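Student: No letters, just coordinates:
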């Protein structure tokens, strides 16, 4: 038998403000990290049939934003939340 309980929270106005602040900071952090990954992808891709390295240099390739690089930025976001 599977029993599940559904609880509805009823936060007061101070808690609602705090939760909204947390969600906004985390949403901004997520979008910034996603933007870093997409920016890296767009900078490092070049269509081979339309661009040659000799005539169209792609410029300096930035370091790849991996999980551990972005995880360190999450610690700063958590410090702001606390």
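Tutor: That came in fine, so what should we check first? All values reported here derive from a predicted model rather than from experimental measurement.
Student: going forward, measure contacts and count neighbours with C-alpha atoms only.
Tutor: OK.
Student: contact partners of the helix or strand harbouring residue 79?
Tutor: Residue 79 belongs to helix 67-81 when assigned by DSSP states H and E. Helix 67-81 has contacts (CA atoms under 8 Å, 6 or more residues apart in numbering) with 21-22, 25-26, 29, 33.
Student: Neighbour-wise, give me the winner out of the residues you listed.
Tutor: residue 33 (20 neighbours; other CA atoms under 10 Å).
Student: helices or strands up against the helix or strand hosting that one?
Tutor: Secondary structure from DSSP H and E places residue 33 in helix 13-44. Counting contacts by 3 or more CA pairs under 8 Å, 6 or more residues apart in numbering; DSSP states H and E, helix 13-44 is packed against helix 67-81.
Student: For this protein, give me the ranges with low pLDDT.
Tutor: For the chain, the stretches with pLDDT under 70 are 1, 46-62.
Student: Could you check the angle the helix holding residue 33 makes with helix 67-81?
Tutor: Counting by axes from the mean of the first three to the mean of the last three CA atoms, to 10 degrees, helix 13-44 points 150 degrees away from the direction of helix 67-81.
Student: All good on my end, thank you.
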